[in-house]
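1. coordinates for the following, if possible.
(one chain, ligands or ions: 1)
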Amino acid sequence: MHQMAPSPAAFKSAGPLSGRVRVPGDKSISHRSLMLSALAVGTSSVEGLLEGEDVLATAAAMRAMGAQIERGADGRWTIHGVGVGGLLQPDQALDMGNSGTSTRLLMGLVASHAITATFIGDASLSKRPMNRVIDPLSLMGAEFTASPGGRLPLVLRGIAPAIPIEYRLPVASAQVKSALLLAGLNTPGITRVIEPVPTRDHSERMLRGFGAALTVEQDATGARIISIRGEAELRPQHIVVPGDPSSAAFPVVAALLVAGSDVVIENVGLNPTRAGIFEVLRLMGGDIRFVNPRDVGGEPVADLHVRGSTLTGIEVPPDIAPSMIDEFPVLFVAAALAQGRTVTRGLEELRVKESDRLAVMAEGLRAIGARVEETEDGLIIDGTGGEPLAGGATIATHLDHRIAMSFAVAGLVASKPVTIDDMAPVATSFPIFEQLLCSLGATRE
Ligand code: S3P
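-> Prediction:
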C-alpha cells in the first residue's frame, strides 16, 4: 500500500474558505457493502463506494476468497457473491495494509468458515490489539496463532460449523461487534452480542437489508442485545453509500476556524451513531446547518452549511464519545483555537487507533504552540480564543491518516507553516482530501 517515499506538505489559507464540495463514501459502510455483497447469492452493485486503500484491501481479500468484484467505468462496483459459507481458502496472506476494520471484520467472516487465512498489515496495524476479536472468536471454535500480544501477523484457522455464543462487549467497539455478527452469519443457531454502550450500527442495518434474521432489543440497563440467526441466506442488493461524516469533519472544522468562511459539504451521512462531532461543534458555538435532510440507502443524510464561527471550549460528555470516536483529533484542533478550556475524558480507546491519538495529538499541538495537558484518558486544551497558533513545526503522523488531516487543518490557522511529515496515509480513507481543501481556497506548500 502506501510504502512509497514519505510525502511531506504544509497547508495555509490566505483568506476565507468558500465553495460546495462532496466528500467520498463512508468507509465503514463501504467495507460492509463489499463483505455482505460477497456473501450474497447473486450480483450486488454499489454506488459511491469509497475507493481508499483500506476499502481496496477489503476488496482484494474478498476476491482472494472467491468473490468476483469489478469496478465499472461509471464508478459503480459489481460484486458476484459466493453465498454464506462459500468463502474459499486464500492462496496468499491477506494484506490488510493500514486497515483495522478490514482485519477485524474479516477475521469474523473467516472464523466460521473451514479455511485458514494469514493476516498481515503495515507497521501501524501490526501494533494494534487483536485479542479483542481473538478471544470471542476462539469461544466460537476458531484457532489463532498470533504474534506476541495478540497482534499481526496472525494465522486464523476457521471452523464450520462454529459454536454460537452470547458475548458482552468489554470495550465499546463496532469492529468487535461486527466481527461476531459476521461470524454468526455462518454459525447455526443464534449468535448474540450485548453492547452496553451503543456504537455505529451500520452492520445491523445492512445485515437486515440483505435479509439476515437480526433483532435488536434493549435490556433494563439500556444495553443493546443484538441477535443474528445463522446460517443466513443473503439476498443481493443495490447499495448507495452516503458521504463519510468522519471525512466531512475535516473541512467542517476548517470552515469553522478560518474567519469569514462559508462552505457547503454535500451528502454527509448523519447516522446518530456517527454524527456526535457536529453536535459537539454546535455546542461550542459552531454555525453548522443541516440542509435538505433526506434518506440515502437507509441512512439519514444532509448537506452541511458551515460558516466561520467563534468557538467556546466545553466539557465533552464522555457518553458521546462512541458517536465521534474517529473525530477527536480534529476536535482537538478546534479546541486549540476556541475560547477557554475544553475537557475530554473516557477516550482510552484513542490510544489503540492507527496511532496513540492522545499522545500524538498532544505532542503535535504543543509543538505548534497550543496549551495541552494529556491525561490517561483524554486531553485538556486551553484555546487561543481565535488567535492563530504559532505553527513552525514538523508533525510526525505515525502512519495515521487522521493525524495528517488534523494538522493540515491546523496549518490553516497558524502563523508559521505546520509541516506534515507524510500525507500518504490520507489515501487510506480520503484520497481527494488535498484537492478538496485546495478547492475551498487553501494552498499547499
Ligand atoms: C469502525 C469502528 C471504529 C472506528 C473505525 C471504524 C467500523 O473502531 O474507529 O474507524 O467501521 O466498525 P472500533 O470498533 O475499534 O471503535
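
2. what parts of this structure come near the ligand?
-> Proximity of the chain to the ligand, by CB under 6 Å from any ligand atom, involves residues 28, 101, 173-175, 178, 200, 325-326, 349. Yep, even glycine has a C-beta here, placed from its N, CA and C like the rest.

3. out of these, who's nearest Ala114?
-> Ser178 (21.3 Å; CB to CB).

4. contact partners for that closest one?
-> Contact partners of Ser178, counting by CB atoms under 8 Å, 6 or more residues apart in numbering, are 32, 104-105, 108, 203.

5. try it again at 10 Å.
-> By CB atoms under 10 Å, 6 or more residues apart in numbering, Ser178 lies in contact with 28, 31-32, 35, 101, 104-105, 108-109, 133, 193, 199-204, 206-207.

6. now, those that are in helices?
-> Residues of those located in helices (DSSP state H): 28, 31-32, 35, 101, 104-105, 108-109, 133, 202-204, 206-207.

7. please report how far the closest residue to Ala212 other than its chain neighbours lies from Val301.
-> Closest residue to Ala212 apart from its sequence neighbours, by CB to CB, 6 or more residues apart in numbering: Ala232 at 4.4 Å. The span separating Ala232 from Val301 equals 28 Å under the rule CB to CB, to the nearest Å.

8. please enumerate the strands of the stretch 151-300 of the chain.
-> Secondary structure of the stretch 151-300 of the chain (DSSP state E, counting those that start in this stretch): strands located at 151-157, 166-168, 189-195, 213-218, 224-230, 238-240, 262-269, 287-296, 299-307.

9. which neighbours in the sheet does the second one have, and how are they oriented?
-> Strand 166-168 has its sheet partners listed here by DSSP bridges as strand 189-195 (parallel).

10. where do the strands sit along the stretch 301-445 of the chain?
-> Under DSSP E, counting those that start in this stretch, the stretch 301-445 of the chain gives strands at 341-343, 371-375, 378-382, 393-395, 418-420, 442-444.

11. low-confidence stretches in the stretch 1-150 of the chain?
-> Counting by pLDDT under 70, the stretch 1-150 of the chain contains low-confidence residues at 1-4.

12. quick one, helices of it?
-> With DSSP state H, counting those that start in this stretch, the ranges of helices along the stretch 1-150 of the chain come out as 27-39, 53-64, 100-111, 131-139.

13. can you list those in TSV and add mean neighbour count?
-> Compiled in TSV, those are given as follows (neighbours: other CB atoms under 10 Å):
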stretch	mean neighbour count
helix 27-39	27
helix 53-64	23
helix 100-111	27
helix 131-139	20
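
14. can you give me the distance of the closest residue to Gln89 other than its chain neighbours to Gly141?
-> Excluding the flanking residues, the one nearest Gln89 by CB to CB, 6+ apart is Ile115, at 4.0 Å. Noted for Ile115: a distance of 13 Å to Gly141, by CB to CB.

15. shared neighbours of those two, which are they?
-> Common neighbours of Ile115 and Gly141 (CB under 10 Å, 6+ apart) are 157-160.

16. out of these, which one sits closest to the ligand?
-> The ligand lies nearest to Gly158 out of the shared contacts of Ile115 and Gly141, by CB to the nearest ligand atom, at 20.5 Å.

17. need the pLDDT of that closest one.
-> For Gly158, the pLDDT comes out at 98.

18. now do Glu445
-> 88.

19. now do it: how many residues are near it, please.
-> Neighbour count of Glu445, defined by other CB atoms under 10 Å: 11.

20. look up how far Glu434 lies from the spatially closest residue to it that is not a sequence neighbour.
-> Leaving aside its chain neighbours, Glu445 sits nearest to Ala10 (4.5 Å; criterion: CB to CB, 6+ apart). Per CB to CB, Ala10 is found 11 Å from Glu434.

21. so which bits of stretch 115-135 are buried?
-> 115, 117, 119-122, 124-128, 130, 132-134 (16 or more other CB atoms under 10 Å).

22. and stretch 37-55, how far from the chain's centre?
-> Using CA atoms, centre = their mean, to the nearest Å, the mean C-alpha position of stretch 37-55 is found 17 Å from that of the whole chain.

23. begin at 340 from here
-> Got it, the first residue is 340 from now on, which makes the last one we talked about stretch 376-394.

24. end-to-end on it?
-> Length of stretch 376-394, first residue to last, CA to CA, to the nearest Å: 14 Å.

25. and stretch 685-703, by the same measure?
-> 21 Å.

26. same thing with stretch 410-426?
-> First-to-last residue span, stretch 410-426, CA to CA: 21 Å.

27. likewise for stretch 492-508?
-> Terminal-residue distance, stretch 492-508 (CA to CA): 24 Å.

28. ok, Arg361 - contacts?
-> Counted by CB under 10 Å, 6+ apart, Arg361 has contacts 387, 582, 587, 603-607, 642, 771, 775.

29. now do Asp365
-> Neighbouring residues of Asp365 by CB under 10 Å, 6+ apart: 371-372, 387-389, 394, 539, 541, 580-587, 607-608, 610, 613, 635-636, 638, 640, 768.

30. before we move on, back to that, tell me the one of the buried residues of stretch 454-474 nearest Ala432?
-> Checking the buried residues of stretch 454-474 against Ala432 with CB to CB, the nearest one is Ile459 at 4.8 Å.

31. so the closest one makes contact with Leu495?
-> No - contact between Ile459 and Leu495 fails when scored by CB atoms under 10 Å: they sit 11.9 Å apart.
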